[in-house]
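Participant: how would this look folded up:
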Amino acid sequence: MKYYKLIFIFLGVFATLLAQDTIPSSSANSAASPTTPILATGNSSVILVGECYNQTFNGKGNLQLTVRRDSKNQLSGYMLITGDLFGSGKLTGTIDGDSVKISSHAPDTQVTINWQGTLKDGTITGTYIVPAMPPTPKGLITPLQNGTWTVKVLSDESLEEYGKREINFKTDFLNNIMLEIQDKLELDHELSGLNPAK
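Facilitator: You can find the predicted model right below:
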């Protein structure tokens, strides 16, 4: 029966995940509308949303960037990564014409990701690299990884796309957990048949 309890536990976890505020509010779009130059210099932060794809491990993730650009074209802010990938953390970077370079650092794993992209028509598209790292004290090994990414200024359309991907990621997570529980139950059933109680 303990496995059935696990099912309800994971269902509760899934419901909590869906309720988490990982999807930005459309009201935040007041910081930058589609008619506002992307990453314009000013005191307001710009919210960018999109996705990334890890070519090394064939994994996909959602991206949400809150970015501020100063008068010297320096970028600062925070990058949220969800889905199959991880690496959320503070970001710094520069913008030179249509060239964007960003470095994000995840404090929990100490992983740094280097992003570079090209700004065109309100969208940044480019590639990223996760440098190889030696094992951490907790045993985490980070091999060299490569991927692609694209983000655009938050709008009703980009928000809808982001939200759909977020729900799909969490649905896939729940389905995988349920399959693991089902496999465990079937294995226990087979073993109980081979070893009947005396």
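
Participant: roughly how far apart are residue 99 and residue 149?
Facilitator: In this view, residue 99 and residue 149 are 15 Å apart by Cβ to Cβ, to the nearest Å. Glycine gets a C-beta too; all of them are placed from N, C-alpha and C.

Participant: Have a look at these two and say which one is more surrounded.
Facilitator: With other Cβ atoms under 10 Å as the criterion, residue 99 and residue 149 differ in neighbour count, and residue 149 comes out ahead with 23 against 13.

Participant: Point out where this structure drops to low pLDDT.
Facilitator: Applying pLDDT under 70 to the predicted model, the residue ranges of the chain that meet it are 1-44, 138, 155-159, 162, 169-170, 172-173, 176-177, 189-191, 193-198.

Participant: where along the protein do the helices fall?
Facilitator: Counting by DSSP state H, residue ranges of the helices within the chain are 2-19, 156-194.

Participant: Sketch out the strands for this structure, chain order is fine.
Facilitator: Ranges of strands within the chain are 46-54, 59-69, 74-83, 89-96, 99-106, 111-120, 123-130, 145-153, based on DSSP state E.

Participant: can you tell which of those is closest to residue 174?
Facilitator: strand 74-83 (13.7 Å; Cβ to Cβ).

Participant: Can you list the strands that that closest one pairs with?
Facilitator: strand 59-69 (antiparallel), strand 89-96 (antiparallel) (DSSP bridges).

Participant: Can you tell me which of those strands is most buried?
Facilitator: Stretch with highest mean neighbour count among the strands paired with strand 74-83: strand 59-69 (a mean of 21; mean count of other Cβ atoms under 10 Å).

Participant: and the closest residue to residue 147 other than its chain neighbours, how far is that from residue 93?
Facilitator: What sits nearest to residue 147 in space, not counting adjacent residues and going by Cβ to Cβ, 6 or more residues apart in numbering, is residue 54, at 4.4 Å. Taking Cβ to Cβ as the criterion, residue 54 is separated from residue 93 by 20 Å.
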